[in-house]
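model this:
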Amino acid sequence: MKIAVVYDSESGNIHESFEDAKVLRIYDIEDREIFHTENIGTMAESPKDILGLIHMMEADCVLCDNITPYSIELLKEEGILLYSGLDGEADGIVYAFINGYLIFGPDD
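You can find the predicted model right below:
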């Protein structure tokens, strides 16, 4: 499994806005463990650019904080699962996610 996180490389946290992402942190997951991570600069001018990078990295899902309805629709069209409204230290949130410690409502 691959997880893309909208990442703030200065703080190590999930970046507050999908559309303003300068860095994606890609997590390779095996047996509920973080096997490998890679930070990738987006150089994005639009949400479509970010989506293209997520697609190119073959991510199965995206973890982020705030995201616009337009970007949500783009992810849905590509069949990429979205988990939004997440805030805090990225590695810890990914660990909680892969181990089932995060709970999402029916609209997430």
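
quick check: phi and psi at residue 30.
phi -140, psi 130 (degrees, to the nearest 10).

just residue 10 next, same as before
Torsion angles, degrees, to the nearest 10, at residue 10: phi -70, psi -40.

burial count for it?
Number of residues near residue 10 (other Cβ atoms under 10 Å) recorded here: 9. The C-beta positions use only the backbone N, C-alpha and C, and glycine is treated the same way.

again, but for residue 15
If we define neighbours as other Cβ under 10 Å, then residue 15 has 24 of them.

and it, what are its phi and psi?
phi -70, psi 150.

which residues sit in contact with the nearest residue to residue 41 once chain neighbours are set aside?
Counting by Cβ to Cβ, 6 or more residues apart in numbering, the nearest residue to residue 41 once its immediate chain neighbours are dropped is residue 23, at 5.8 Å. By Cβ atoms under 8 Å, 6 or more residues apart in numbering, the contact set of residue 23 is 6-9, 15, 39-42.

of these, keep whichever come out buried.
6-8, 15, 42 (16 or more other Cβ atoms under 10 Å).

tell me which two of those residues sit farthest apart.
8 and 42 (12.4 Å; Cβ to Cβ).

quick one: the strands in this structure?
Remark: strands assigned in the chain by DSSP state E are 2-8, 13-14, 23-30, 33-41, 61-63, 81-83.

good, we can wrap up now.
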